[in-house]
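1. show me the folded form of this:
(chains A and B)
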2 protein chains.
Amino acid sequence: MADERGGRGRPRGRRPAGEDTRATLLAAARVEFTERGFDSATVRAIAQRAGVDPAMVNHWFGGKDGLFVAAMEIPVDPGRIVHRILDGDPERSAEWILRTFLSAWDADGGGALTALLRSVASHEGAARMMRELIGRVIFGRVVSSVAPDQLELRASLCGTQIAGLAMIRYVIRLEPLASADHNTVVTAIAPTLQRYLTGVL
Amino acid sequence: MADERGGRGRPRGRRPAGEDTRATLLAAARVEFTERGFDSATVRAIAQRAGVDPAMVNHWFGGKDGLFVAAMEIPVDPGRIVHRILDGDPERSAEWILRTFLSAWDADGGGALTALLRSVASHEGAARMMRELIGRVIFGRVVSSVAPDQLELRASLCGTQIAGLAMIRYVIRLEPLASADHNTVVTAIAPTLQRYLTGVL
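-> As a prediction, this is how the structure comes out:
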């Protein structure tokens, strides 16, 4: 395990315990992915920056993809969203999805999200990851749990509204949306997202 | 004209010809708008930085708004959009706006747009320019020409849908929206944009 092997004989002389190893890898990954983009950042360089064995990336994140998702703090667990949507009223799923994203993004003032969007705009590797995240991991699963038809179109339409809200609220910071409370945002945008999920297109 | 008067007796001793004047003004405008923002940047200061007569701003760009739009390489002329919307049915304005953006973006395969979004995600100066562009120059004017109330909220909501479409179609390139024809995009998204413009929020 990391805490047994990680620090032995390393220049820094530290032996991070399990969660420390994970956190150190995440911090190192954020720097490397942001500076180099997804393709150029290597597991080896990230591990070296973190001062741990490269095998720890597989151990904690299952590989570079998993490390990317975790490092970018994609703040939403798609499995949990799907579970919650299946438990509730499908016609209110948009509201719940919006509140989930807003709470996660606002938790750090949009900092992680801004880093993510910067990476996506700059690096094809990150754009590809985002494409798969939105198309399959997040909205793909959500949409297939509630939508009547046109699953891929619905998933990509949901992507436009969520990505656009993220851009305007946190990156471009256009008022009044930049500082609007969650109820205001939900009242304005949930009907759009709901139509993309379950409405007539 | 610029090429007759522009350089005479100026410290730099150059006499830019027409297209040079235009390019020099654009470069100067990018610096001034980025450093000072739209409101504080003056035509006089931009012309001075470019080493040309302030009248050249009107001559080449029709004024400060036009210079700003050109400096941002926004392919859409807000004055023309507003004019067209006022001439037509306000309830179809969303469709026309979407078609205008799609045609302009598609003209170069989204290249200029991707560069713009990259710039916005990376530089506060560019984010600020985009904020003013969306909030006032483009949707500010469009919204004030058709919307019944809540002008600023409507402008920023329009911004979410347009920015999100741009991100998904050209940067993240999520299918089917990435290669959908204009009719498909308009059918799916115009109702959202129309609600943000003139509907019940």
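
2. quick one: A:Leu26 and A:Arg92, what's the gap?
-> 33 Å (Cβ to Cβ, to the nearest Å). For every residue, glycine as well, the C-beta is placed using N, CA and C.

3. please apply the same query to A:Ala47.
-> For A:Ala47, the distance to A:Arg92 equals 44 Å [Cβ to Cβ].

4. before we move on, which element is the residue in chain A positioned nearest to chain B in?
-> Closest residue of chain A to chain B, Cβ to the nearest Cβ: A:Gly164 (2.3 Å). Applying DSSP states H and E as the criterion places A:Gly164 in helix A:151-166.

5. quick one: that helix to helix B:151-166, angle?
-> For helix A:151-166 against helix B:151-166, the angle by axes from the mean of the first three to the mean of the last three Cα atoms, to 10 degrees is 130 degrees.

6. show the average pLDDT along helix A:151-166.
-> Throughout helix A:151-166, pLDDT has a mean value of 94.

7. which other helices and strands does that helix contact?
-> If contacts are counted by 3 or more Cβ pairs under 8 Å, 6 or more residues apart in numbering or on different chains; DSSP states H and E, helix A:151-166 sits against helix A:93-106, helix A:111-122, helix A:139-146, helix A:182-198, helix B:151-166, helix B:182-198.

8. who's in contact with the closest residue to A:Val146 other than its chain neighbours?
-> Using Cβ to Cβ, 6 or more residues apart in numbering or on different chains and skipping residues adjacent in sequence, the residue nearest A:Val146 is A:Pro90, 4.5 Å away. By Cβ atoms under 8 Å, 6 or more residues apart in numbering or on different chains, the residues touching A:Pro90 are A:Val146, A:Leu197, A:Thr198.

9. could you check how far A:Pro90 is from B:Ile189?
-> 22 Å.

10. how is chain A carved up into domains?
-> For chain A, automatic domain parsing gives the domain ranges A:2-71, A:78-198.

11. how far off centre is the last one?
-> To tie it back to what came earlier, the one meant is domain A:78-198. Here the centre of domain A:78-198 is set off from its chain's centre by 10 Å, with Cα atoms, centre = their mean, to the nearest Å.

12. now do the shortest one
-> Centroid separation between domain A:2-71 and its chain, computed with Cα atoms, centre = their mean, is 18 Å.

13. pLDDT of it, averaged?
-> Confidence over domain A:2-71 (mean pLDDT, whole number) is 77.

14. rewinding a little: A:Leu26 and A:Arg92: which is more packed in?
-> For A:Leu26 versus A:Arg92, neighbours defined as other Cβ atoms under 10 Å in any protein chain shown are more numerous around A:Leu26 (18 against 12).

15. quick one: the more buried one from A:Gly51, how far?
-> 13 Å.

16. name the SS class of A:Lys179, please.
-> For residue A:179 the amino acid is Ser, not Lys. For A:Ser179, the assignment made with DSSP: H, G, I helix; E, B strand; the rest coil gives coil.

17. burial count for it?
-> Using other Cβ under 10 Å, A:Ser179 has 9 other residues around it.

18. per-residue pLDDT, it?
-> With respect to pLDDT, A:Ser179 scores 96.

19. picking up where we left off before, these two touch, right, the residue of chain A closest to chain B and B:Arg169?
-> No - in this structure, A:Gly164 is not within contact of B:Arg169 by Cβ atoms under 8 Å, at 11.3 Å.

20. which element follows the biggest helix by length in chain A toward the C-terminus?
-> The single longest helix within chain A, with elements called by DSSP state H, is helix A:18-40. Proceeding N to C from helix A:18-40, the next assigned helix or strand is helix A:43-50, under DSSP H and E.

21. give me the helices and strands touching that following helix, please.
-> Helix A:43-50 packs on helix A:18-40, helix A:55-61, helix A:64-71, going by 3+ Cβ pairs under 8 Å, 6+ apart.

22. could you dump those to CSV with distance to chain B?
-> Below are the helices and strands packed on helix A:43-50 laid out as CSV (distance: least, Cβ to the nearest Cβ, whole Å):
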stretch, distance to chain B
helix A:18-40, 10
helix A:55-61, 22
helix A:64-71, 15
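
23. list the buried residues in the helix holding A:Gly164.
-> Buried positions in helix A:151-166, judged by neighbour count with 16 or more other Cβ atoms under 10 Å in any protein chain shown: A:152-166.

24. orientation of that helix relative to helix A:111-122 in degrees?
-> Counting by the same axes, to 10 degrees, helix A:151-166 lies at 120 degrees to helix A:111-122.

25. now helix A:151-166 against helix A:182-198, angle please.
-> Relative orientation of helix A:151-166 versus helix A:182-198 (the same axes, to 10 degrees): 160 degrees.

26. hey, C-alpha coordinates of helix A:151-166 in CSV?
-> Written as CSV, here are the backbone C-alpha positions of helix A:151-166 (Å, rounded to 0.1, in the frame of the first residue of the first chain):
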residue,chain,number,x,y,z
LEU,A,151,-31.4,9.9,-25.9
GLU,A,152,-28.2,11.3,-27.5
LEU,A,153,-29.7,14.5,-28.7
ARG,A,154,-31.3,15.0,-25.2
ALA,A,155,-28.0,14.4,-23.5
SER,A,156,-26.1,16.9,-25.7
LEU,A,157,-28.9,19.5,-25.2
CYS,A,158,-28.7,19.1,-21.4
GLY,A,159,-24.9,19.6,-21.9
THR,A,160,-25.5,22.9,-23.6
GLN,A,161,-27.6,24.3,-20.8
ILE,A,162,-25.3,23.0,-18.0
ALA,A,163,-22.1,24.0,-19.7
GLY,A,164,-23.5,27.4,-20.6
LEU,A,165,-24.7,28.1,-17.1
ALA,A,166,-21.2,27.2,-15.9
